[in-house]
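Asker: can't give you the sequence, but here's the structure:
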């Protein structure tokens, strides 16, 4: 199983049972079985948290936070190198800074990015993207 990076879009879809949730769940199950965790930056984790709190409330986040430790996801802190790559991506493409960090981690890990966020479309020549539907 090749490395996979989750964008916040993917994890939010999973927690809210939105389109793409079944695909994310299947990836999480496969990652757990193969002891090959998915990856996400702490920046994208913060985006997941604030999005759920803002739209669904603190109780919804509390429930999601109980589930997170059991999921096969490695969370990556920001390094200067990752920040430089994210900044370069952000400077070249119209996207949020959090999305730039997800793309940077995918580049660093030579991983497939799991998302449904159209902001990543221009990056297809640079990183492999698994589009959630």
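Answerer: Nice, I can see it. Note that the structure is a prediction, hence the values are computed from the model and not measured.
Asker: now what about the strand or helix carrying residue 5, what contacts it?
Answerer: Per DSSP states H and E, residue 5 falls inside strand 4-6. For strand 4-6, contacts defined as CB atoms under 8 Å, 6 or more residues apart in numbering pick out 24, 27, 31, 38-40, 44, 73, 102, 105-106, 109, 111-115, 130. (Each C-beta comes from the backbone N, C-alpha and C, glycine too.)
Asker: any idea of the mean pLDDT for that strand?
Answerer: For strand 4-6, mean pLDDT rounds to 98.
Asker: which of the residues in the longest helix anywhere in the chain are buried?
Answerer: Using DSSP state H to define each element, the chain has its longest helix at helix 42-56. Across helix 42-56, burial judged by 16 or more other CB atoms under 10 Å covers 43, 44, 45, 47, 48, 49, 51, 52.
Asker: what packs against that helix?
Answerer: Counting contacts by 3 or more CB pairs under 8 Å, 6 or more residues apart in numbering; DSSP states H and E, helix 42-56 packs against helix 8-16, helix 58-67, strand 73-76, helix 97-109.
Asker: and for the first one, what's in contact with it?
Answerer: Residues external to helix 8-16 that are found in contact with it (CB under 8 Å, 6+ apart): 18-21, 24-25, 28, 40, 44-45, 47-48, 51-52, 56, 60, 64, 67, 73, 98, 102, 114-117, 132.
Asker: helix/strand/coil for residue 40?
Answerer: strand (DSSP: H, G, I helix; E, B strand; the rest coil).
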